[in-house]
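**Q** What follows is a protein structure lacking sequence information:
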């Protein structure tokens, strides 16, 4: 790709995610990191010492006026996303938004409506689809390795400090990513029922969900962000079918078949993460982050639809809101009610 064809990238929000995306853009041959905007003046003063050749701005309008850009990464709190997007769409930008899409279903719907007639690329920071083990699991399920899938169980456990340093934003991001994984693997959800001892985004809580997918598949989900012994978010999924069972975790994939199928023998087969070639060229933070970032840059360069779009983010927000409705009302919620 010729230098003049590189994506000219600006970063809005220079916390952990913003710094990560800037680092990934910096090593992408098809992109050039050109500017940063953050309202934290103290942060800007500190970080500019590390990046003396990058212009830092505290005012977005000023950055957009002074620097030629065509691609933006939004790495700010979700309650800022809608207002930022309204401004950036007027500037004809390709836009990547860190998850979740917005702070509410209503704001998410407004964001999707804003791009309904636009041709640029609008992407979202979900990374499970770019991880090798989960890609392998998706390929096996799409192939029909279990024959007819009947049900699944899935869990997300992590241990967050029970203090003011445990903001609802961290929990919302983890719930959002987990729900996207379920949506990506098993398709749209028709209805759900949830029980919890606290609100979905409170610090000490466990949530149990029953999901009825549009395909007829039933799922049981457990989420806890105060479970001891899980310093890192840990995902486990078990899928049952008429032809066998598939167990998926962050570390390995275990397949049990009742008879030989798809090149796998009858009985147990274990595939460890080390057995698969990672799709990521670089590991920054964790597997999949660089690939998600570069997939967006590639979509912008080739003017094609993003692998993970804002419409996906809207469905995830619909799931999250339906869960809270169900917990509050103690009843089954159909997702077309969550509007």
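**A** Thanks, I have the structure now. Note that this is a predicted model, so its numbers are computed, not measured.

**Q** beta partners of the nearest residue to residue 48 once chain neighbours are set aside?
**A** Spatial nearest neighbour of residue 48, excluding adjacent residues (C-beta to C-beta, 6 or more residues apart in numbering): residue 56 at 4.9 Å. C-beta here means a position set from N, CA and C on the backbone, and glycine is covered the same way. Counting by DSSP bridges, residue 56 forms beta bridges with residue 36.

**Q** who touches residue 56 in this structure?
**A** For residue 56, the residues meeting the contact criterion (C-beta atoms under 8 Å, 6 or more residues apart in numbering) are 14, 35-38, 44, 47-48.

**Q** Most neighbours of all those residues, which one?
**A** The most neighbours of any of the contacts of residue 56, using other C-beta atoms under 10 Å, belong to residue 36, which has 28 neighbours.

**Q** how far away is that one from residue 206?
**A** Here the criterion is C-beta to C-beta, to the nearest Å. By it, residue 36 lies 39 Å from residue 206.

**Q** okay, now the domains of the protein?
**A** 3-127+289-307, 131-273+316-337 (automatic domain parsing).

**Q** With mean pLDDT added, can I get the ones you listed in CSV?
**A** Rendered in CSV, the data for the domains of the chain read as follows (pLDDT from 0 to 100):
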stretch, mean pLDDT
domain 3-127+289-307, 94
domain 131-273+316-337, 88
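
**Q** rewinding a little: if we only consider the contacts of residue 56, which is nearest to residue 116?
**A** Taking C-beta to C-beta as the measure, residue 116 sits nearest to residue 37 out of the contacts of residue 56, at 26.3 Å.

**Q** residues contacting the closest one?
**A** Contacts for residue 37 were tallied using C-beta under 8 Å, 6+ apart; they are 10-13, 56-60, 63.

**Q** Any quick ChimeraX command for the buried ones out of the residues you listed?
**A** Typed into ChimeraX, the line below selects the buried ones among these, using 16 or more other C-beta atoms under 10 Å:
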select :10,11,12,13,56,57,60,63
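
**Q** With distance to residue 180 and secondary structure as extra columns, can I get the contacts of residue 37 in CSV?
**A** Rendered in CSV, the data for the contacts of residue 37 read as follows (distance: C-beta to C-beta, whole Å; DSSP: H, G, I helix; E, B strand; the rest coil):
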residue, distance to residue 180, secondary structure
10, 25, strand
11, 23, strand
12, 22, strand
13, 21, coil
56, 32, strand
57, 31, strand
58, 32, coil
59, 33, coil
60, 28, helix
63, 30, helix
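
**Q** Let me know the closest of the contacts of residue 37 to residue 294.
**A** Ranked by distance to residue 294 (C-beta to C-beta), the contacts of residue 37 are led by residue 11 at 15.4 Å.

**Q** surely the closest one meets residue 31?
**A** No - in this structure residue 11 lies outside contact range of residue 31 using C-beta atoms under 8 Å: 11.3 Å.

**Q** gap between the closest residue in space to residue 54 that isn't next to it in sequence and residue 50?
**A** When the adjacent residues along the chain are set aside, residue 54 lies closest to residue 36, with 6.1 Å between them (C-beta to C-beta, 6+ apart). The spacing between residue 36 and residue 50, counted by C-beta to C-beta, is 11 Å.

**Q** again with residue 227
**A** Between residue 227 and residue 50 the computed distance is 37 Å (C-beta to C-beta).

**Q** who's more crowded, the two?
**A** Neighbour comparison, residue 227 and residue 50: the larger count goes to residue 227, with 16 against 8 (by other C-beta under 10 Å).

**Q** Hmm, the more buried one is touching residue 156, no?
**A** No - the pair formed by residue 227 and residue 156 falls short of the contact definition of C-beta under 8 Å, at 9.6 Å.

**Q** So which elements touch the helix or strand containing residue 86?
**A** Secondary-structure element containing residue 86, defined by DSSP states H and E: helix 81-90. Here helix 81-90 is seen to pack against helix 60-66, strand 71-74, strand 94-97, helix 105-114 when contacts are counted using 3 or more C-beta pairs under 8 Å, 6 or more residues apart in numbering; DSSP states H and E.

**Q** mind running it again at 6 Å?
**A** Taking 3 or more C-beta pairs under 6 Å, 6 or more residues apart in numbering; DSSP states H and E as contact, the helices and strands that helix 81-90 lies on are helix 105-114.

**Q** For the stretch 101-250 of the chain, which segments count as strands?
**A** In the stretch 101-250 of the chain, the strands defined using DSSP state E, counting those that start in this stretch lie at 122-124, 149-157, 189-196, 206-213, 218-224, 234-241, 244-249.
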